[in-house]
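K.L.:
give the three-dimensional model of this entry:
(one chain, ligands or ions: 1)
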Amino acid sequence: MLEKGKNVLYNLSLGGITMERLQKVIASSGYSSRRKAEELIKKGVVFVNGKKVTELGTKVESTDEIVVDGHSLSVENKEYYLLYKPSGVITTTSDEKNRKTVVDLIKTDKRIYPVGRLDYDTTGVLLLTNDGEFANILMHPSNEIEKVYLAKINGILAKSEMAALRSGVLIDGKKTAPAKVKIKQYNKSSNLSLIEITIHEGKNHQVKKMFEAVNHTVVKLKRERLGFFTLDNLKTGEYRRLTIKEVKKVYAMKGE
Ligand code: URA
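P.N.:
Numbers count the residues shown, from 1 in each chain. Have a look, this model is predicted:
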């Protein structure tokens with residue numbers, strides 16, 4: 001029998017795969033390497049539509065239900081994406097002004113939605129999914145998931161301003177949690193600084209408001225990291241699916 005909790009973790013869509021070798025399908029889902037998949041098949045822990053399969057090379061279809069060691073790979077069709085959000089795209093599922101949304105950038109027939117928000121002009125790491133529990137883990141304040149931003153600001157940060165950002169500033173009447181702040185660059189001729197700021201809260205326009213609180217304007221903002229997710233080799237506007245390992249790792253962060 002499948003355990004419910006386990007089931008949720010491994011339900012990645014095998015999107016579009018038709019008549020493939022079983023070990024290849026298991027590997028493509030991100031569950032394991034192909035060699036490990038072969039071992040699992042031989043070991044007798046792989047079931048296709050409820051029937052044990054021990055023969056390597058058995059062909060399966062994308063609609064077949066594959067269960068490996070008690071974990072279903074295909075029943076609920078959960079999808080998980082990492083998008084390098086470009087500027088000029090709205091972080092929502094639909095927009096009344098008909099502007100392009102982050103969901104428009106991803107080819108899927110599933111009703112996915114963004115995990116948290118980036119402003120229209122902010123770029124960088126954005127996750128999208130149709131798995132509510134996964135999204136909740138990443139967004140729940142108690143999990144304190146780190147978000148690393150690179151902010152281009154006008155002027156240069158004074159020591160006292162850095163200290164204020166680090167210990168917390170008032171935005172909308174509430175003090176922000178401690179942040180990590182690093183000056184990465186200062187360009188004297190343009191009078192612009194590049195600052196790396198790490199926060200774990202997700203208030204509306206938080207980074208821009210934090211800099212405003214110390215009298216600097218953010219002219220460009222990019223999210224470089226969300227938890228352990230970085231932009232890797234993606235270019236702006238590109239996206240990739242998460243692997244099962246990554247999804248499992250997020251689930252493991254729950255209530256840490
Ligand atoms: N903080 C902001 O001000 N904007 C973003 O898009 C994200 C964090």
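
K.L.:
so which bits of stretch 202-221 are buried?
P.N.:
For stretch 202-221, the buried set under the neighbour-count rule, 16 or more other Cβ atoms under 10 Å, comprises 206-211, 213-214, 216, 218, 221. Where C-beta positions appear, they are placed from N, C-alpha and C, glycine not excepted.

K.L.:
need these in CSV (columns: distance to the ligand and secondary structure).
P.N.:
Putting these into CSV (distance: Cβ to the nearest ligand atom, whole Å; DSSP: H, G, I helix; E, B strand; the rest coil) gives the following:
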residue, distance to the ligand, secondary structure
206, 4, helix
207, 3, helix
208, 4, helix
209, 6, helix
210, 8, helix
211, 8, helix
213, 12, helix
214, 14, coil
216, 12, coil
218, 7, strand
221, 6, strand
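
K.L.:
show the pLDDT at residue 209.
P.N.:
Residue 209 is assigned 98 on the pLDDT scale.

K.L.:
that should have said residue 57, apologies.
P.N.:
On the pLDDT scale, residue 57 is placed at 86.

K.L.:
my read: it touches residue 22, true?
P.N.:
Yes: with contact taken as Cβ atoms under 8 Å, residue 57 and residue 22 are classed as touching, separated by 7.3 Å.

K.L.:
higher neighbour count, these two?
P.N.:
A side-by-side neighbour count of residue 57 and residue 22, using other Cβ atoms under 10 Å, places residue 22 first with 23 against 10.

K.L.:
need phi/psi at that one.
P.N.:
Comment: the main-chain dihedrals of residue 22 come out as phi -50, psi -50, following degrees, to the nearest 10.

K.L.:
repeat for residue 252
P.N.:
The phi and psi values for residue 252, taken as degrees, to the nearest 10, are phi -70, psi -20.

K.L.:
again, but for residue 107
P.N.:
Residue torsions, per degrees, to the nearest 10, at residue 107 are phi -80, psi 110.

K.L.:
skipping its backbone neighbours, what lies nearest residue 33 in space?
P.N.:
What sits nearest to residue 33 in space, not counting adjacent residues and going by Cβ to Cβ, 6 or more residues apart in numbering, is residue 27, at 6.0 Å.

K.L.:
now whichever strand or helix holds the one you found: buried residues?
P.N.:
Secondary structure assigned from DSSP states H and E places residue 27 in helix 22-28. By neighbour count, and taking 16+ other Cβ under 10 Å as the criterion, the buried residues in helix 22-28 are 22-28.

K.L.:
is the ligand within reach of stretch 79-97?
P.N.:
No: residues of stretch 79-97 are not located near the ligand by Cβ under 6 Å from any ligand atom, the shortest gap being 7.9 Å.

K.L.:
low-confidence bits of the chain, can you list those?
P.N.:
Applying pLDDT under 70 to the chain flags the ranges 1-18, 30, 62-63, 74-76, 255-256.

K.L.:
what's the domain layout of it?
P.N.:
Under automatic domain parsing, the residue ranges defining each domain of the chain are 10-72, 77-142+229-251, 146-226.

K.L.:
off-centre distance for the first one?
P.N.:
Translated: domain 10-72. For domain 10-72, the distance between its averaged C-alpha position and the chain's averaged C-alpha position is 25 Å (Cα atoms, centre = their mean, to the nearest Å).

K.L.:
got the residues of this protein near the ligand?
P.N.:
Close to the ligand, as judged by Cβ under 6 Å from any ligand atom, the chain has residues 118-119, 122, 205-208, 221.

K.L.:
run me through the strand neighbours of the strand or helix carrying residue 194, direction for each.
P.N.:
Assessed by DSSP H and E, residue 194 sits inside strand 192-199. If you go by DSSP bridges, strand 192-199 pairs up with strand 147-154 (antiparallel), strand 180-187 (antiparallel).

K.L.:
and those, which is most packed in?
P.N.:
strand 147-154 (a mean of 20; mean count of other Cβ atoms under 10 Å).
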